[in-house]
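Chemist: below are the sequence and a predicted model; questions follow.
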Amino acid sequence: GFNEGKVEDLHLAFDHDGVPYVAFKDYAHGQSGSVMRYAGGVWSYVGTPGFTAGMGFDMDLVFAPDGVPWIALCESAETTNAFVYRWEGGAWTKVGGAGCALVGAGCYLSMAFAPDGSPRVQLHVMENGGYGSVVQLVAPGPTTYAAWVAATVSAAAQARPDVSGAEADPEGAGVTNLQRFAHNLPAHGPVAVPATLATYQRMIDYDWHYYHSLRFTRRSCAPGLSYALEASTDLGNWATSS
């Protein structure tokens with residue numbers, strides 16, 4: 001009973017010196033994620049208690065080859081997304097930045113480091129029917145449209161809205177600059193339509209249900225972007241669909 005109240009989803013790990021750490025959902029701090037370590041004969045919090053933005057659960061605490069602790073977890077604030085944190089600068093910091101979700105809804109996370117030291121996360125991606133997936137963490141690239149323009153458009157062309165504007169299609173490819181950024185398409189040259197028709201299956205009450213869907217790539221590390229699917233019964237009136 002060394003912590004302040006009820007806990008769930010405990011995960012125990014040892015650092016390279018054999019010091020035990022435990023990550024858990026901390027009811028004393030709004031069910032957010034917390035980490036404690038045992039040193040000097042006492043348990044104490046590592047960083048801020050309840051450091052996640054919302055409820056933290058399905059945590060996996062792993063020490064990288066360089067001894068730095070990382071945590072893969074699900075975080076439920078306005079939505080439930082999977083994130084990765086690492087201990088950096090005396091605080092738990094989201095890898096990639098505040099808006100960089102590993103995926104959308106995911107659960108049952110576990111984390112490991114490949115022989116080259118790069119992190120991998122295994123999880124069930126609920127947006128993909130709950131199938132198991134493995135995600136490799138890579139550099140996020142530009143996280144805002146302005147940064148994308150600065151990295152892909154010449155300095156002279158940046159002052160021209162017909163070349164650098166979000167709705168511009170300077171190469172006549174049928175895809176706007178904003179679409180290229182939002183769907184992580186090449187900045188120049190011909191590209192395929194960013195959304196493709198697909199079939200989505202989901203098990204409900206032990207029976208498979210099939211749905212029409214659109215499949216597309218989205219940037220997980222772009223807080224200013226949002227994606228909406230619209231549907232129509234007459235191709236004239238459109239409304240946002242779940």
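Modeler: Yep, it's here. Residues are numbered from 1 along each chain as shown.
Chemist: which outside residues touch the longest helix seen in the chain?
Modeler: Looking across the chain with DSSP state H, the single longest helix is helix 145-152. For helix 145-152, contacts defined as CB atoms under 8 Å, 6 or more residues apart in numbering pick out 141-142, 158, 164, 166, 177-178, 181, 187-188, 224. Every residue, glycine included, has its C-beta placed from N, CA and C.
Chemist: chain center to it, what's the gap?
Modeler: 21 Å (CA atoms, centre = their mean, to the nearest Å).
Chemist: try stretch 179-190
Modeler: The answer for stretch 179-190 is 20 Å, by CA atoms, centre = their mean.
Chemist: on that earlier part again, tell me which two in the contacts of helix 145-152 are the farthest apart.
Modeler: Comparing all pairs in the contacts of helix 145-152 by CB to CB, the longest separation belongs to H188 and G224, at 22.5 Å.
Chemist: please name the residues that touch the closest residue to G50 other than its chain neighbours.
Modeler: Nearest-residue entry for G50: H29, 2.8 Å, with adjacent residues in sequence omitted and distances by CB to CB, 6 or more residues apart in numbering. By CB under 8 Å, 6+ apart, the residues touching H29 are 4, 49-50.
Chemist: also G30?
Modeler: Applying CB under 8 Å, 6+ apart, the residues contacting G30 are 50, 55.
Chemist: how close does it get to G1?
Modeler: As judged by CB to CB, to the nearest Å, G30 and G1 stand 20 Å apart.
Chemist: likewise G172?
Modeler: According to CB to CB, G172 stands 68 Å off from G1.
Chemist: looking at those two, which has the bigger crowd around it?
Modeler: Using other CB atoms under 10 Å as the criterion, G172 and G1 rank with G172 on top: 7 against 4.
Chemist: phi, psi of that one?
Modeler: phi 60, psi 30 (degrees, to the nearest 10).
Chemist: taking the contacts of H29, please make a ChimeraX selection of just the buried ones.
Modeler: This is how ChimeraX selects the buried members of these, with burial counted by 16 or more other CB atoms under 10 Å:
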select :49,50
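Chemist: closest one to Y85 out of the contacts of H29, please.
Modeler: The closest of the contacts of H29 to Y85 turns out to be G50 (CB to CB; 12.8 Å).
Chemist: tell me the secondary structure at the closest one.
Modeler: Judged by DSSP: H, G, I helix; E, B strand; the rest coil, the three-state class of G50 is coil.
Chemist: cool, and Y200?
Modeler: strand.
Chemist: so who does the closest residue to it other than its chain neighbours touch?
Modeler: Nearest non-adjacent residue to Y200, counting by CB to CB, 6+ apart: S213, 4.0 Å away. S213 makes contacts with 197-200, as judged by CB under 8 Å, 6+ apart.
Chemist: check which helix or strand S213 maps to.
Modeler: strand 207-216 (DSSP states H and E).
Chemist: that strand pairs with which strands, and in what direction?
Modeler: If you go by DSSP bridges, strand 207-216 pairs up with strand 195-204 (antiparallel).
Chemist: now the strand it pairs with, how far from the centre of its chain.
Modeler: In terms of CA atoms, centre = their mean, the centre of strand 195-204 is found 21 Å from the chain centre.
Chemist: go on, stretch 143-153?
Modeler: Centroid separation between stretch 143-153 and its chain, computed with CA atoms, centre = their mean, is 20 Å.
Chemist: and the contacts of helix 145-152, which of them are buried?
Modeler: For the contacts of helix 145-152, a burial check counting by 16+ other CB under 10 Å picks out 142, 164, 166, 177-178, 181.
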